[in-house]
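Novice: Just the structure for this:
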Amino acid sequence: MSKTITYVITYENGRWVSRCPTGETEGVGVASSLSQMERDLAEIHAWAWAEDTPGVEFVFDLPEDVAVVVAEYHREKKLAEAHTKRTAELAVKAAKALTSHWSEPDTARVMGLSKQRVHQLKVSA
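Specialist: Just a heads-up that it's a prediction; the model follows:
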């Protein structure tokens with residue numbers, strides 16, 4: 001898969017509609033579900049570009065009130081993922097630091113984790 005073709009997706013008259021604004025594909029795709037739309041477009045790509053099939057990417061053109069909520073969700077999700085990653089890094093650091101002074105059971109109690117989890121963190125790379 002060499003590249004990805006982006007489609008603008010809207011919901012019109014009870015159906016999902018795809019349009020390719022860059023002109024790599026012509027016409028309009030229509031499907032009752034996004035899963036079906038993605039399958040249909042992937043099938044068209046496989047047929048049209050058998051040697052080097054491009055991927056499918058959706059950009060949603062949503063009503064403003066919905067777009068605002070979806071954008072906020074994506075921002076918060078990204079922040080949560082960053083916090084989760086940082087929390088995991090700090091858990092390893094804390095487990096290693098604490099077990100250099102105290103037992104795994106005592107470290108587990110301090111960290112609010114199970115003894116098994118503290119051991120996993122302590123021996124992780």
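Novice: Looking at this protein, which helix is longest?
Specialist: helix 64-99 (DSSP state H).
Novice: Now do the same for it: mean pLDDT, whole number.
Specialist: For helix 64-99, the mean pLDDT works out to 97.
Novice: do the same with stretch 108-118
Specialist: Averaging pLDDT along stretch 108-118 gives 97.
Novice: neighbouring contacts of it?
Specialist: Residues outside stretch 108-118 that contact it (CB atoms under 8 Å, 6 or more residues apart in numbering) are 91, 94-95, 98-99, 102, 104-105, 107, 121. Where you see a C-beta, it was placed from the backbone N, CA and C, and this is true even at glycine.
Novice: picking that back up, would you tell me what the next helix or strand after the longest helix of the chain is?
Specialist: Sequence-wise, the next helix or strand downstream of helix 64-99 (DSSP states H and E) is helix 104-111.
Novice: and Y11, backbone torsions?
Specialist: Phi and psi for Y11, reported as degrees, to the nearest 10, are phi -110, psi 110.
Novice: Roughly how far does it sit from K122?
Specialist: According to CB to CB, to the nearest Å, Y11 stands 51 Å off from K122.
Novice: Ok, S103 next?
Specialist: In terms of CB to CB, S103 sits 11 Å off from K122.
Novice: Walk me through the domains of the protein.
Specialist: If you go by automatic domain parsing, the domain ranges for the chain are 4-61, 65-123.
Novice: starting at the chain centroid, how far to stretch 79-93?
Specialist: Centroid separation for stretch 79-93 versus its chain: 17 Å, with CA atoms, centre = their mean, to the nearest Å.
Novice: Many thanks, have a good one.
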